[in-house]
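Q: Sequence and predicted model, in that order:
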Amino acid sequence: MIAWLSGLWSGGAAVIEPASLRDAPKLAQLHGASFHRGWGEGEFETMLSERNTLVHRLRMGRKTIGFAVSRIAADEAEILSIAVAASHRGSGLSRNLLLTHLGHLAGRGVRTVFLEVEENNQPARRLYHRAGFTVAGRRERYYQQSGAEQLNALLMRRDLS
Ligand SMILES: CC(C)(COP(=O)(O)OP(=O)(O)OC[C@H]1O[C@@H](n2cnc3c(N)ncnc32)[C@H](O)[C@@H]1OP(=O)(O)O)[C@@H](O)C(=O)NCCC(=O)NCCS
């Protein structure tokens, strides 16, 4: 199923659709540009081949500008990663990406969704809060930065039913 987002962004409306193996290079590039430890093409290929992993891409015109990845185990899922290209952030695109992704998880029988977010990641925290996630726990000094700094993680959850 394809979700069309109304909007007048340059390049046309944004579309959220299932990703395929052919998207692996672009998704790896987007991931590498968004996170400290980027996932390689091979990691995306593996995830895109697994039945329990759900991957959506966010496309504008012919360009893929974001993605969401989660892993399903019985009636629970964990959002492993979500990102929007830096050039397209701040326009609310991630919300529709996340909500569409959650809708597909619900369609797969998922009732509870978990995720981890770095405590200082305000855009991500606002995104998750607005999408109905609540803080379920906190892990001190969970993320190791390249420098000495260690950052805390919040565990968030949302029930889908
Ligand atoms: C998190 C991310 C997906 C959000 O995508 P986006 O399309 O830019 O999201 P939005 O435009 O909907 O903005 C999300 C919220 O953050 C707010 N925000 C944006 N930049 C901000 C900043 N620098 N400081 C604080 N809040 C900020 C927005 O105002 C919005 O909140 P609101 O809905 O209450 O107004 C995107 O920033 C990203 O890809 N980050 C890098 C990867 C990442 O950290 N992913 C999450 C891992 S847990």
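A: Happy to help now that I have it.
Q: Confirm that M47 sits in a strand.
A: No: applying DSSP: H, G, I helix; E, B strand; the rest coil, one finds M47 to be helix, outside a strand.
Q: That one: what's its closest spatial neighbour, skipping adjacent residues?
A: Counting by C-beta to C-beta, 6 or more residues apart in numbering, T53 is the residue found nearest to M47 once chain neighbours are left out, at 4.5 Å. (C-beta placed from N, C-alpha, C; glycine too.)
Q: Around the one you found, how many other residues sit close by?
A: For T53, the neighbour count with other C-beta atoms under 10 Å is 16.
Q: measure it to the ligand for me?
A: Between T53 and the ligand the computed distance is 17 Å (C-beta to the nearest ligand atom, to the nearest Å).
Q: Isn't that residue up against A73?
A: No: using C-beta atoms under 8 Å, T53 is not in contact with A73, being 10.6 Å away.
Q: buried ones in the lengthiest helix in the chain?
A: Of all the elements of type helix in the chain, the one with the most residues (DSSP state H) is helix 93-107. Using 16 or more other C-beta atoms under 10 Å as the test for burial, helix 93-107 gives 93-94, 96-98, 100-102, 104-105.
Q: Also near the ligand: which of those residues, exactly?
A: By C-beta under 6 Å from any ligand atom, the members of the buried residues of helix 93-107 lying near the ligand are 93-94.
Q: Export the buried residues of helix 93-107 to a markdown table and append columns for pLDDT and distance to A86.
A: Output for the buried residues of helix 93-107, formatted as a markdown table (pLDDT from 0 to 100; distance: C-beta to C-beta, whole Å):
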| residue | pLDDT | distance to A86 |
| --- | --- | --- |
| L93 | 97 | 12 |
| S94 | 98 | 12 |
| N96 | 96 | 18 |
| L97 | 98 | 15 |
| L98 | 98 | 18 |
| T100 | 98 | 21 |
| H101 | 98 | 20 |
| L102 | 98 | 24 |
| H104 | 98 | 25 |
| L105 | 98 | 26 |
